[in-house]
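> The amino acid sequence is not available; the structure is as follows:
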């Protein structure tokens, strides 16, 4: 079966429009608070991470405005044992702080 050129152009335009709309929706989700982002992303199939421009969108949405030498913004985290919270500002000027995300083994 041969597809006519006008039909192929229409199909291509629909595919491009869906790609752009899906990428825009993903970018919007990335700009939302982490709790919302997580709730949405748990439903996104892994193949979407390969097909869509996930990394450039992520770097743009979550890049922030800090430059080298800027002080880190204050934040509060629960301790590993979940018995207390630690706030960055309470440690500032006392000792170095190292944040490890992911596995450290």
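It's in. On a predicted model such as this, the values are computed, not experimentally measured, just so you know. Numbering: from 1, shown residues only.
> where along the chain do the strands fall?
76-78, 85-87 (DSSP state E).
> Can you list the strands that the first one pairs with?
It refers to strand 76-78. Taking DSSP bridges as the criterion, strand 76-78 pairs within the sheet with strand 85-87 (antiparallel).
> And the contacts of the strand it pairs with?
With contacts defined as C-beta atoms under 8 Å, 6 or more residues apart in numbering, strand 85-87 is touched by 74-79. To be clear about C-beta, it is placed using only N, CA and C from the backbone, and glycine gets the same treatment.
> can the strands of the chain go into CSV with extra columns for distance to residue 41, mean neighbour count and mean pLDDT?
Listed next are the strands of the chain as CSV, based on distance: least, C-beta to C-beta, whole Å; neighbours: other C-beta atoms under 10 Å; pLDDT from 0 to 100:
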stretch, distance to residue 41, mean neighbour count, mean pLDDT
strand 76-78, 21, 10, 89
strand 85-87, 25, 11, 91
